[in-house]
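Student: Fold the stuff below for me.
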Amino acid sequence: MPLLAIETTCDETAAAVIARSREVLSSVVASQEHLHARWRGVVPEVASRAHVDRIVPVIDQALDRSGLSIHDIEAVGVAVRPGLVGSLLVGLAAGKAIAAARGVPIVGYDHVLAHLYACRLARGEALEYPCVGLVASGGHTSLFRMDGPLEATRLGGTIDDAAGEAFDKAASLLGLGYPGGPEIEKAAIGGDAQAHRFPRPLAADRDRLDLSFSGLKTSLRYRVRPPGASGERPCPSGAGLADLAASFQRAVVDSIVAKVDLALEKTGCTTLAAGGGVAANTALREALTAVGSRRRVQVVIPPRALCTDNAAMGAIAWELLEGGHDDGAMLDVTPGTDRSAAARRA
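Tutor: Have a look, this model is predicted:
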């Protein structure tokens, strides 16, 4: 009984065919990175138009790779929150059309919780609950207490920029390409992470699990272009660039890890699940693994292909379907929040 999952929350058009056993029979992702590179960030109108062009070919390719046809699909799952409204609506329209034509159930799932469900796919079996969930991406940096795949209590998160957004803006300041995360990571190779002492806002605050990256980003800007400096300054290069990139990356990683460590302490959970595009960063993966070793907790991080936006993590729709859910024709998008309908403010 295969499920067709559709993901169009931001700038990736993705579809996957997933068996009830959670085996991913196929997964196809069409990236829009080159379309948004000139603006060094996602332009919502450009993203939604690109989804319109790509959604049908991507779904067809996912079906073809699975060895199945649209007539074999017995359910549809669509990411309906959070995200860019224009992008979300393209995926929703495609999902509703297929569900209606096939006469099969359709459910809307939460993109953020799906990032954490990717840990379930990576592990090959259900996670141990309760656990601490970290989602770090271009649009979200949040910590949750997870009491089940669909039961999330938000513990804290960024009060301004997301970690991925901070990387994008830092890359722009340093004259690097887009998306910023991989560019910063590449530029940081061989750099001295102690060369520049960037701030870690809120990292030392043990009364809250919130994060902030705005001040860190501003600090980098002043290193590159000091206040009052006249004229345009050339972007750093060579060892100077590597040191700046490595120091900035370390500050982002330290900020996240400090709050993950505090969340594990406060909740007493013995499992940490991490997902989202920033979780593909090698320095962060190593730092989270080190926290796990020190605290003797299990750390589950998906392979990089399951960290960035994809539809395979839409396997979370099976949890809804097995719970008897069918959103039907009334399913709609709920953009603009990184908290699912099931999440409660801690």
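Student: Leu220: how many residues sit nearby?
Tutor: Neighbourhood size, Leu220 [other C-beta atoms under 10 Å]: 22. From N, CA and C alone the C-beta is placed, and that goes for glycine too.
Student: Am I right that it falls within a helix?
Tutor: Yes: under DSSP: H, G, I helix; E, B strand; the rest coil, Leu220 sits within a helix.
Student: Look up the closest residue to Leu176, ignoring the ones flanking it.
Tutor: Glu183 (4.0 Å; C-beta to C-beta, 6 or more residues apart in numbering).
Student: whoops, I mixed them up, Gln249
Tutor: Ala188 is the one closest to Gln249 (C-beta to C-beta, 6+ apart), at 4.9 Å.
Student: What of Gly86?
Tutor: Excluding the flanking residues, the one nearest Gly86 by C-beta to C-beta, 6+ apart is Ser48, at 3.2 Å.
Student: I'd guessed that neighbour sits against Gly83; true?
Tutor: No: with contact defined as C-beta atoms under 8 Å, Ser48 does not count as touching Gly83 (10.5 Å).
Student: Mind checking which of those two has more residues around it?
Tutor: Counted by other C-beta under 10 Å, Ser48 and Gly83 do not tie: Gly83 has more neighbours, with 28 against 18.
Student: Okay, that one and Ala5: tell me how far apart.
Tutor: Remark: distance between Gly83 and Ala5 (C-beta to C-beta, to the nearest Å) = 15 Å.
Student: what does Ala37 give?
Tutor: For Ala37 relative to Ala5 (C-beta to C-beta), the value is 27 Å.
Student: what do you get for Trp318?
Tutor: In terms of C-beta to C-beta, Trp318 sits 9 Å off from Ala5.
Student: Which neighbours do those two have in common?
Tutor: Common neighbours of Trp318 and Ala5, using C-beta atoms under 8 Å, 6 or more residues apart in numbering, are Ile18, Gly77.
Student: of the two, who's got more company?
Tutor: Ala5 (32 against 23).
Student: on that earlier part again, mind checking how far the residue nearest to Gln249 is from Val28?
Tutor: 31 Å.
Student: What of Asp72?
Tutor: In terms of C-beta to C-beta, Asp72 sits 16 Å off from Val28.
Student: With neighbour numbers in mind, choose between the two.
Tutor: Set side by side, Asp72 and Val28 show more neighbours around Val28, with 23 against 14, by other C-beta under 10 Å.
Student: Pull the distance from the helix or strand where the more buried one lies to the chain's centre.
Tutor: Per DSSP states H and E: Val28 is located in strand 24-31. Relative to its chain's centre, strand 24-31 lies at 16 Å (C-alpha atoms, centre = their mean, to the nearest Å).
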